[in-house]
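Participant: below is the structure, and that's it, no one-letter string:
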């Protein structure tokens, strides 16, 4: 009984344990499967997140690469442009445009046409100019085109052409009265590598041109020396650190080019020397058969005209105001004989006598006075005898003073005074009468400038002006076709008003 009971009890216990074990095993598997499923879901989520992060990273990488490419391209472009600009700034090559222009309206105090111009007095026929401020009724333009280059061997080239026009019409269309002219066309070669010694850094040129070393008194619109024509020359032959020379041969034409029998060629040979600030210039000229030139009617133009001439200039170019204070100044003494007696525009006058003699003194300077004031005085005087007729005499002297008063960064007042005395004895030449007397001019000109107010030689400028002029009555009788004494412009005092622009670059 006990054994049966025990066996039964053990059987029940064992059967129950197996069932419990089976049941417990089933639950464990399900739990593990559930846990595994959760882990798989978590892994899948992590994979999805990782994929998203990878896609985001890839997109970001692409964006970065794109931006880097753009940056590299932009940097390359900037570098290329910078290189090109640096090359352009360092090269002495390419085209250049330069110019000068003035244009203004001039009228009397009754709003009528009036007379004007720096050469308006009787002395103006022989170069006696007066102050130009508030005294210019014309439009004059110069346009300069240049091409320069520097070759691999160090040599330089320069070609320049200059067009100019000047007239007094106030109309917009002025073709019928235009004086458009080709004033310069020349080529220069410089720093030629085969040139050595004194010729090492010289510049050789040929063509039609103004001489490089001409200089003027701007306030009078008068050159001190103007050498020009067609020919050839060489600049800057250096003999030492302080000594150099220029050599040139120019040709000019006298007479009417429409009649080949009516012109003569004047050839001007010039040696221009510089010793520090000192200039010593000498020219010789010859115009064969100048005294045999014929007019359009077959008559001799001037049977007693000179065929040869000499010209000389002694100048001093200071980098101070006459050695007294800061600023600058230039002084020149000129002499001419025969064809050289036209001392300003060398070799340009074919009517001079073989006996003609001319002396001229020119000096001007500029200096600041302080307190916004600047001053520029000038003196121009000439004495010429036996010029066109034996026994004639042309003597005159001009004193000019220009003052600038700075008021603001863009506004200044300009004041100019001119005095000229003349004693002219033409001995009937060209129907001129002997006169002597004085001319006076005062001008006030409020002026606008973009910058550099107070600088005499900085442009552009826009001006209003009022000028008062007067002269001795005797000067009205010099000629019937000059300004003084013309209709509505006689001695006793004349007011003129106007506006003007002036620029150069």
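Facilitator: Okay, I see it. Note that the coordinates shown come from a computational prediction; the quantities given were computed from them, not determined experimentally.
Participant: please, where are all the helices along this protein?
Facilitator: 2-90 (DSSP state H).
Participant: how does it divide into domains?
Facilitator: Following the assignment in automatic domain parsing, the chain carries domains at 16-90, 91-504.
Participant: give me whichever of the ones you listed is most buried.
Facilitator: domain 91-504 (a mean of 17; mean count of other Cβ atoms under 10 Å). Bear in mind the C-beta positions are built from the backbone N, C-alpha and C, glycine included.
Participant: compare the mean pLDDT across the domains of the chain and name the weakest.
Facilitator: Averaged per stretch, pLDDT over the domains of the chain is lowest on domain 16-90, reaching a mean of 54.
Participant: and the closest residue to residue 413 other than its chain neighbours, what are its bridge partners?
Facilitator: With Cβ to Cβ, 6 or more residues apart in numbering as the measure, residue 405 is the residue that lies nearest to residue 413, at 4.4 Å, once sequence neighbours are left out. For residue 405, the beta-bridge partners are residue 373, residue 413 (DSSP bridges).
Participant: start at 36, not 1
Facilitator: Yes, from this point I'll number from 36; that puts the last item at residue 440.
Participant: so residue 440 makes contact with residue 407?
Facilitator: Yes. Proximity of residue 440 to residue 407 meets the contact threshold set by Cβ atoms under 8 Å, at 6.0 Å.
Participant: span of stretch 313-330 from start to end?
Facilitator: The distance separating the two terminal residues of stretch 313-330, taken as Cα to Cα, to the nearest Å, comes to 43 Å.
Participant: and it, how far out from the chain's middle?
Facilitator: Taking the mean of its C-alpha atoms, stretch 313-330 sits 32 Å from the chain's own mean (Cα atoms, centre = their mean, to the nearest Å).
Participant: ditto for stretch 298-308
Facilitator: With Cα atoms, centre = their mean as the basis, the distance from the averaged C-alpha position of stretch 298-308 to the chain average is 28 Å.
Participant: can you list contacts of it?
Facilitator: The contact list for stretch 298-308, computed with Cβ atoms under 8 Å, 6 or more residues apart in numbering, reads 246, 248, 262, 264, 266, 268, 278-292, 314-325, 328, 374, 381-382, 385.
Participant: ok, the closest residue to residue 130 other than its chain neighbours - contacts?
Facilitator: In space, residue 130 comes closest to residue 182 once its chain neighbours are excluded; the distance is 5.4 Å by Cβ to Cβ, 6+ apart. Shown here is residue 182, whose contacts under the criterion Cβ under 8 Å, 6+ apart are 129, 130, 131, 192, 193, 194.
Participant: on the strand side of things, show who the closest residue to residue 243 other than its chain neighbours bridges to.
Facilitator: Residue nearest to residue 243 in three dimensions, not counting chain neighbours: residue 265, with 4.4 Å by Cβ to Cβ, 6+ apart. Here residue 265 sits in beta bridges with residue 243, residue 286, as judged by DSSP bridges.
Participant: do I have it right that residue 152 meets residue 175?
Facilitator: No. Shown here, residue 152 and residue 175 do not form a contact pair, counting by Cβ under 8 Å, at 10.9 Å.
Participant: what is in contact with the two at once?
Facilitator: In the contact map built from Cβ under 8 Å, 6+ apart, no residue is linked to both residue 152 and residue 175.
Participant: quick check: the gap between the residue nearest to residue 130 and residue 408.
Facilitator: With the distance defined as Cβ to Cβ, to the nearest Å, residue 182 ends up 43 Å from residue 408.
Participant: again with residue 384
Facilitator: Remark: distance between residue 384 and residue 408 (Cβ to Cβ) = 40 Å.
Participant: does residue 417 really touch residue 376, like I thought?
Facilitator: No. Using Cβ under 8 Å, residue 417 is not in contact with residue 376, being 10.3 Å away.
Participant: common neighbours of these two, please.
Facilitator: Counting by Cβ under 8 Å, 6+ apart, the common neighbours of residue 417 and residue 376 are residue 393.
Participant: phi and psi next, for the closest residue to residue 379 other than its chain neighbours.
Facilitator: In space, not counting the residues next to it along the chain, residue 379 is nearest to residue 162; the distance is 5.0 Å by Cβ to Cβ, 6+ apart. Per-residue torsions, residue 162: phi 100, psi 10 (degrees, to the nearest 10).
Participant: residue 162: what's it in contact with?
Facilitator: 154, 257, 378, 379, 395, 417.
Participant: name the residues that touch stretch 142-155?
Facilitator: 141, 159-160, 162-167, 170-173, 255-257, 517-519, 521, 523-524, 529-533.
Participant: okay, strands next: where are they in the stretch 186-335 of the chain?
Facilitator: Assigned by DSSP state E, counting those that start in this stretch, the strands in the stretch 186-335 of the chain fall at 191-202, 216-225, 238-245, 250-252, 257-260, 263-275, 278-290, 298-310, 313-321.
Participant: pipe these into CSV and attach distance to residue 369 per row.
Facilitator: Conversion of these to CSV gives the following (distance: least, Cβ to Cβ, whole Å):
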stretch, distance to residue 369
strand 191-202, 25
strand 216-225, 23
strand 238-245, 17
strand 250-252, 12
strand 257-260, 7
strand 263-275, 16
strand 278-290, 17
strand 298-310, 13
strand 313-321, 9
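Participant: of the ones you listed, which is nearest residue 496?
Facilitator: With respect to residue 496, and counting by Cβ to Cβ, the nearest of the strands of the stretch 186-335 of the chain is strand 250-252 at 17.5 Å.
Participant: elements contacting the closest one?
Facilitator: Packing contacts for strand 250-252, counted by 3 or more Cβ pairs under 8 Å, 6 or more residues apart in numbering; DSSP states H and E, involve strand 257-260.
Participant: which helices and strands does the strand it packs on pack with?
Facilitator: In this structure, strand 257-260 makes packing contacts with strand 250-252, strand 343-353, strand 363-373, judged by 3+ Cβ pairs under 8 Å, 6+ apart.
Participant: any idea which of these gets closest to residue 231?
Facilitator: strand 343-353 (28.5 Å).
Participant: parallel or antiparallel, list what pairs with that closest one.
Facilitator: Strands flanking strand 343-353 in the sheet, each with its direction: strand 313-321 (antiparallel), strand 363-373 (antiparallel) (DSSP bridges).
Participant: is it possible to get TSV of these that adds distance to residue 344?
Facilitator: Written out in TSV, the entries for those read as follows (distance: least, Cβ to Cβ, whole Å):
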stretch	distance to residue 344
strand 313-321	5
strand 363-373	3
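Participant: nearest to residue 297, of those?
Facilitator: Taking Cβ to Cβ as the measure, the strands paired with strand 343-353 were each checked against residue 297, and strand 313-321 came out nearest at 18.5 Å.
Participant: give me the residues contacting that closest one.
Facilitator: With contact meaning Cβ under 8 Å, 6+ apart, strand 313-321 is reached by 248, 260, 262, 301-309, 342-352, 367, 374-375, 381-382.
Participant: distance of residue 224 from residue 382?
Facilitator: To residue 382, residue 224 is 25 Å away according to Cβ to Cβ.
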